[in-house]
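Chemist: Quick one, what's the 3D model for this:
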Amino acid sequence: MPKLEKLILETVNEVIRNVFDDEIADMLLSYLDEHNNLSIDERLRLFDEILPKILGSGAVIIEDLILETLNSKIGIRLKGREKDFVELINDLRLVKARVK
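Modeler: This is a model prediction of the structure:
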């Protein structure tokens, strides 16, 4: 797994574990773990689809926390929230690739 993809998954795990207790965190993260045969984009898309079903409108807050933490770790700041979670992650990946 490429370094950036690993960082993305580690960041999702970190934020979920910091926000929720172990039982809820395990439930949320199981959706990523159960589909580790899929590409990271497919896994994030799946996560993005189930998060609102579990958390309702609070899903946006969790996604924003993940994006902010990832922005901080990578050192890149993307503005706006016109795109969905997975598109913003992909934008970060593209910007990071150009910065190298």
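
Chemist: Which residue comes closest to the residue positioned nearest the centre of the chain once chain neighbours are left out?
Modeler: By CA atoms, centre = their mean, the mean C-alpha position of the chain lies nearest to V12, the distance being 4.7 Å. Once flanking residues are discounted, V12 sits nearest to I66: 5.6 Å by CB to CB, 6 or more residues apart in numbering. Backbone N, C-alpha and C define where each C-beta goes, glycine included.

Chemist: Any idea how far the helix or strand hosting that neighbour is from the middle of the chain?
Modeler: Assessed by DSSP states H and E, I66 sits inside helix 59-74. In terms of CA atoms, centre = their mean, to the nearest Å, the centre of helix 59-74 is set 7 Å apart from its chain centre.

Chemist: The helix or strand following that helix relative to helix 59-74, how many degrees between them?
Modeler: Per DSSP H and E, helix 59-74 leads on to helix 85-99 as the next helix or strand towards the C-terminus. Relative orientation of helix 85-99 and helix 59-74, computed by axes from the mean of the first three to the mean of the last three CA atoms, to 10 degrees: 10 degrees.
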